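[1] curious how this folds, go ahead:
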Amino acid sequence: MKRIMILPIFFLQLSIAAQNSFQSDRLVKKWETPSILRTPESVCFDQQRNVIYVSNVAGGPSDKDNNGFITSLSPEGKILELEWCKGLSAPKGMGIAGNFLYVSDIDEIVKIDINLQKIVQRFPVNSAKFLNDITIDKEGFVYVSDMNDNAIYRIKNGAPELFIQSEQLNHPNGLFVSGSNLFAGLRDRIVCISLKSREIKDYILNTGGIDGIVSDEKGNYIISDWLGNVHLVHTKNPKVKLLDTTPEKINAADIEFIPSMNLLLVPTFGDNRVMAYELK
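    Residues are numbered from 1 along each chain as shown. Down below sits the predicted model:
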């Protein structure tokens, strides 16, 4: 008589989740941080100092609770300082210009002196509803998406201004500057915005929702959708799935890519880690 083993339901669920999760053979897992981060939303690489910064929401994404902070990591995934800089509420997107790290924080943009590890200036954006990602152009102008108001703001000459607002910008999130163009990730596409004329054109369609957007510096873009999907996209080629951790409910928030190391960094938001993959 054959014995029939009945697995507990939760073991069965774990098995199904493991089967349904996906990692492309183009990705090689390099490291992951301990799960001691607190709702990590964005990752930013400081090439000059060879340091990775991680924004920790540490609470509700819109809560002005002063609980948020920035963590510093080594490129090997070692936590250098968990609370490298404090005094924020719900920090999200980040960008570096010179010796300063700019961080979006609900309705203001925060300027941190990297050498001092100290907030040196705050730029309130009175009309902002939900500031999110940041990118910085070659002239040092800081661009910030407002996801809930179809708008993008810019810090120019030391003051924030409305750069563009349009119904064509359907919940802009991820931003990336290349040359004279600003690329914005929306709910279903990437659009290209001329920095000079501010004209909006569709760039890559049918992307799905976009949280982070980065370039691989080989003509492709890597996009994340927060839920746990990461894709490689191109203007002429079908999108390629690199990662899908949605069955495990592991998010993929505002990603970073370090071309010199071929290293993709994925903050897992509710899972409280940063995961690193080599992209072949």
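
[2] how many neighbours does the closest residue to residue 98 other than its chain neighbours have?
    Using CB to CB, 6 or more residues apart in numbering and skipping the chain neighbours, the partner closest in space to residue 98 is residue 140 (7.2 Å). (Glycine included, C-beta is placed from N, CA and C.) Neighbourhood size, residue 140 [other CB atoms under 10 Å]: 12.

[3] just checking, residue 140 is part of a helix?
    No: looking at residue 140 with DSSP: H, G, I helix; E, B strand; the rest coil, it is coil, so not inside a helix.

[4] list phi and psi for it.
    Dihedral pair for residue 140: phi 90, psi 10, per degrees, to the nearest 10.

[5] thought it was touching residue 96?
    No: in this structure residue 140 lies outside contact range of residue 96 using CB atoms under 8 Å: 10.3 Å.

[6] from residue 179, how far off is residue 75?
    Counting by CB to CB, to the nearest Å, the gap from residue 75 to residue 179 is 27 Å.

[7] more crowded one of the two?
    residue 75 (17 against 8).

[8] so who does residue 161 touch?
    Neighbour list for residue 161: 153, 154, 155 [criterion: CB atoms under 8 Å, 6 or more residues apart in numbering].

[9] backbone torsions only: list them for the second one.
    This points to residue 154. Dihedral angles (degrees, to the nearest 10) for residue 154: phi -140, psi 140.

[10] for it, what are its contacts?
    Contacts of residue 154 (CB under 8 Å, 6+ apart): 141, 142, 143, 144, 160, 161, 162, 163.

[11] repeat that for residue 117.
    By CB under 8 Å, 6+ apart, the contact set of residue 117 is 84, 85.

[12] check contacts around the residue nearest the centre of the chain.
    Residue closest to the average C-alpha location in the chain (CA atoms, centre = their mean): residue 254, at 1.3 Å. Neighbour list for residue 254: 41, 42, 43, 92, 93, 133, 174, 211, 212, 224, 267 [criterion: CB under 8 Å, 6+ apart].

[13] mind listing which of those residues are in strands?
    41, 42, 43, 133, 224, 267 (DSSP state E).

[14] which two among those residues are spaced furthest apart?
    133 and 267 (12.5 Å; CB to CB).

[15] and for the two, which residues touch both?
    Common neighbours of residue 133 and residue 267, using CB under 8 Å, 6+ apart, are 42, 254.

[16] quick check: the closest residue to residue 259 other than its chain neighbours vs residue 183, distance?
    Nearest residue to residue 259, sequence neighbours excluded (CB to CB, 6+ apart): residue 217, at 4.5 Å. From residue 217 across to residue 183, the span is 14 Å (CB to CB).

[17] okay, those two: which has more neighbours?
    Higher neighbour count among residue 217 and residue 183: residue 183, with 20 against 10, using other CB under 10 Å.

[18] mind checking the SS state of that one?
    Residue 183 is classified as strand under three-state DSSP.

[19] with adjacent residues omitted, what lies nearest to it?
    Nearest residue to residue 183, sequence neighbours excluded (CB to CB, 6+ apart): residue 176, at 4.6 Å.

[20] pairing partners for the lengthiest strand in the chain, with directions?
    When the chain is parsed with DSSP E, its longest strand is strand 79-88. Strand pairing for strand 79-88, determined by DSSP bridges: strand 68-73 (antiparallel).

[21] mean confidence for the strand it pairs with?
    Strand 68-73 shows a mean pLDDT of 98.
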